[in-house]
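Peer 1: no sequence on this one, just coordinates:
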């Protein structure tokens, strides 16, 4: 039996777990295939689903209730229900929050009710009921707040009786970390069940950490952690970023206490929660872990399929030109590093003459950057005239539309790197390994900012990771438009130069 925050849980230990216990790095470790221990009062996923369903039902009742005294047409109320509930769901309004206050949320909900009204306004106007529906929404707001107050009261009651609560891990053993653990224990109404903390230094009181910061993945799996709170301290920023991503990969909600919050330097907004006077900034899930990411793949399939069909005549002419320009295959296959570091084979129109006998185009002696520079010189020497035109206009990349259709690549994403360089950059460039969290792309956020070819690998990795964390469909559209404009300019310049 092992003590966890004053409670007892039973665990099976394998030899690896015993090693962790004996060396003191973590107090317990389960077998990799063992289920996470169940903590009394732990918040199961079924509870979160029930909580969302309760709030949605109360919202629907609140929106429909004014019909009793206003007599609004049932069809218009049904439209309002669909539109408003869709808006609320899109903004995450049914997500169980830590601090529950219907009055504090009222301004945001008024805005979302207004958006729901705008969605159905054209239909309501056609039926001559636009004014009646606007009056209905005004009456629905106090009903909405009352319904939310009832729902929140039920949730808080269950939390106070410790019937539910998310197992929560604190990162940091400083004064703030200890204060957070004390607050979680004394205020169960926030729904966070503190199970302990991780610290790479010495804690400030008698409480022992569950392990060091580098043990995060093991501790998350051991205790079935559902939420992580990052208390700032001596931990390096680069290490904290890695810890946050480790938790996010497991669909664990992460909250960060803003630095200098006690002098007013803390953000405001729907992602900021209040924990007994301590602000917690919720880290939004990376876009690739949201359902909308599937839309990106659908767009890839539709656009690449249509482009291959429309550009087939042009690609046929380019293939003929490559065949005539020099002996060798039309297409060039090159192994690159794709999603999650997997090897993919990308296609390009061949732009070089075959290497001569004894030439090792793949040699990698010396530093990575000097090797890349030497290889660039070799490329320039063997480039054909049609190959030069294809590269300057980026038309040599057109066969990669087939890679996109197959699922090896995406229209937009980090550009694929050669495997020999990717392995070296992953060990030497901060954040480079993280850029492989999604499929590589035909173009990307770094490329439209001029980071292509012989440019900074560090800056490319920074732009790629920023794209992943802040992805949106609109950003993809912007990147594609700017890429098309850049390719058009390059093609115009290349053709004009060739004509001289």
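Peer 2: That came through, no problem. Please read all numbers here as calculations on a predicted model, not as lab measurements. Residues are numbered from 1 along each chain as shown.
Peer 1: quick one: least confident helix or strand in the chain?
Peer 2: Each helix and strand of the chain was given a mean pLDDT (mean pLDDT, DSSP states H and E); the minimum falls on strand 7-9 at a mean of 33.
Peer 1: what segments of the stretch 151-300 of the chain are strands?
Peer 2: Ranges of strands in the stretch 151-300 of the chain, per DSSP state E, counting those that start in this stretch, are 166-171, 192-198, 227-230, 253-256, 272-275, 278-283.
Peer 1: distance to residue 300, mean pLDDT and mean neighbour count added to the ones you listed, as a markdown table?
Peer 2: To be clear about C-beta, it is placed using only N, CA and C from the backbone, and glycine gets the same treatment. Converted to a markdown table, the strands of the stretch 151-300 of the chain look like this (distance: least, CB to CB, whole Å; pLDDT from 0 to 100; neighbours: other CB atoms under 10 Å):
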| stretch | distance to residue 300 | mean pLDDT | mean neighbour count |
| --- | --- | --- | --- |
| strand 166-171 | 36 | 94 | 26 |
| strand 192-198 | 39 | 94 | 25 |
| strand 227-230 | 33 | 94 | 24 |
| strand 253-256 | 29 | 92 | 21 |
| strand 272-275 | 35 | 90 | 16 |
| strand 278-283 | 27 | 91 | 20 |
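Peer 1: for burial, what's the neighbour tally of the residue lying closest to residue 205 once chain neighbours are set aside?
Peer 2: Nearest-residue entry for residue 205: residue 178, 5.8 Å, with adjacent residues in sequence omitted and distances by CB to CB, 6 or more residues apart in numbering. Neighbour count for residue 178, taken as other CB atoms under 10 Å: 19.
Peer 1: let's have the chain start at 18 instead
Peer 2: Got it, first residue is 18 now, which makes that one residue 195.
Peer 1: which residues touch residue 206?
Peer 2: 173, 176-177 (CB atoms under 8 Å, 6 or more residues apart in numbering).
Peer 1: out of those, which are buried?
Peer 2: residue 176 (16 or more other CB atoms under 10 Å).
Peer 1: the residue nearest to residue 222 reaches residue 223, doesn't it?
Peer 2: No: taking CB atoms under 8 Å as the definition, residue 195 is not a contact partner of residue 223, at 10.2 Å.
Peer 1: got the contact list for residue 110?
Peer 2: Listed by CB under 8 Å, 6+ apart, the contact partners of residue 110 are 72, 125-126, 129.
Peer 1: oh, that last question was meant for residue 414, not what I typed.
Peer 2: 365, 459.
Peer 1: 10 Å instead, please
Peer 2: Residue 414 is in contact with 363-366, 407-408, 420, 459-460, 504, counting by CB atoms under 10 Å, 6 or more residues apart in numbering.
Peer 1: below-threshold pLDDT in the stretch 68-217 of the chain: ranges please.
Peer 2: 140-147 (pLDDT under 70).
Peer 1: could you count how many residues lie near residue 126?
Peer 2: Counted with other CB under 10 Å, residue 126 comes out at 21.
Peer 1: that one contacts residue 160, correct?
Peer 2: No: between residue 126 and residue 160 there is no contact, the gap being 11.2 Å when judged by CB atoms under 10 Å.
Peer 1: give me the common contacts of those two.
Peer 2: Each of 76, 79 lies in contact with both residue 126 and residue 160 under the rule CB under 10 Å, 6+ apart.
Peer 1: buried ones in stretch 239-258, by neighbour count?
Peer 2: 239-250, 252, 257.
Peer 1: how about the residues you listed in CSV, adding distance to residue 99?
Peer 2: CSV is the format used below for the buried residues of stretch 239-258 (distance: CB to CB, whole Å):
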residue, distance to residue 99
239, 44
240, 41
241, 37
242, 37
243, 31
244, 32
245, 36
246, 37
247, 39
248, 42
249, 43
250, 47
252, 47
257, 42
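Peer 1: and this structure, split by domain according to the record?
Peer 2: 62-177, 182-302, 310-516 (automatic domain parsing).
Peer 1: most tightly packed of those domains?
Peer 2: Stretch with highest mean neighbour count among the domains of the chain: domain 182-302 (a mean of 18; mean count of other CB atoms under 10 Å).
Peer 1: ends of it, how far apart?
Peer 2: 21 Å (CA to CA, to the nearest Å).
Peer 1: and it, how far out from the chain's middle?
Peer 2: Its chain's average C-alpha position is 19 Å from that of domain 182-302, according to CA atoms, centre = their mean, to the nearest Å.
Peer 1: need the nearest residue in space to residue 69, chain neighbours excluded.
Peer 2: Of all residues not flanking residue 69 in the chain, residue 111 sits nearest, at 4.5 Å (CB to CB, 6+ apart).
Peer 1: try residue 362
Peer 2: residue 350 (4.9 Å).
Peer 1: pretty sure that neighbour contacts residue 363?
Peer 2: Yes: Residue 350 lies in contact with residue 363 (CB under 10 Å); the separation is 7.3 Å.
Peer 1: between those two, what contacts are shared?
Peer 2: residue 416.
Peer 1: for the residue nearest to residue 222, give its distance to residue 242.
Peer 2: Distance, residue 195 to residue 242, by CB to CB, to the nearest Å: 18 Å.
Peer 1: equivalent analysis for residue 420, please.
Peer 2: Taking CB to CB, one finds residue 420 at 38 Å from residue 242.
Peer 1: likewise residue 284?
Peer 2: Taking CB to CB, one finds residue 284 at 24 Å from residue 242.
Peer 1: and residue 79, by the same measure?
Peer 2: 34 Å.
Peer 1: likewise residue 267?
Peer 2: Residue 267 is 8 Å from residue 242, by CB to CB.
Peer 1: now list whatever residues contact both of those two.
Peer 2: Shared contacts of residue 267 and residue 242, counting by CB under 10 Å, 6+ apart, come down to residue 233.
Peer 1: for this protein, which helix is longest?
Peer 2: helix 147-177 (DSSP state H).
Peer 1: tell me the angle that one makes with strand 209-215.
Peer 2: Using axes from the mean of the first three to the mean of the last three CA atoms, to 10 degrees, the inter-axis angle of helix 147-177 relative to strand 209-215 is 60 degrees.
Peer 1: can you give the distance of helix 147-177 from its chain's centre?
Peer 2: Centre to centre, stretch against its chain (CA atoms, centre = their mean), the figure for helix 147-177 is 31 Å.
Peer 1: could you say what helices and strands it packs with?
Peer 2: Where contact means 3 or more CB pairs under 10 Å, 6 or more residues apart in numbering; DSSP states H and E, helix 147-177 is packed against helix 62-81, helix 84-87, helix 91-107, helix 119-143.
Peer 1: got the contact list for the closest residue to residue 291 other than its chain neighbours?
Peer 2: In this structure, residue 291 finds its nearest non-sequential neighbour in residue 116, 4.6 Å apart by CB to CB, 6+ apart. By CB under 10 Å, 6+ apart, residue 116 lies in contact with 122, 169, 206-208, 289-293, 296-297.
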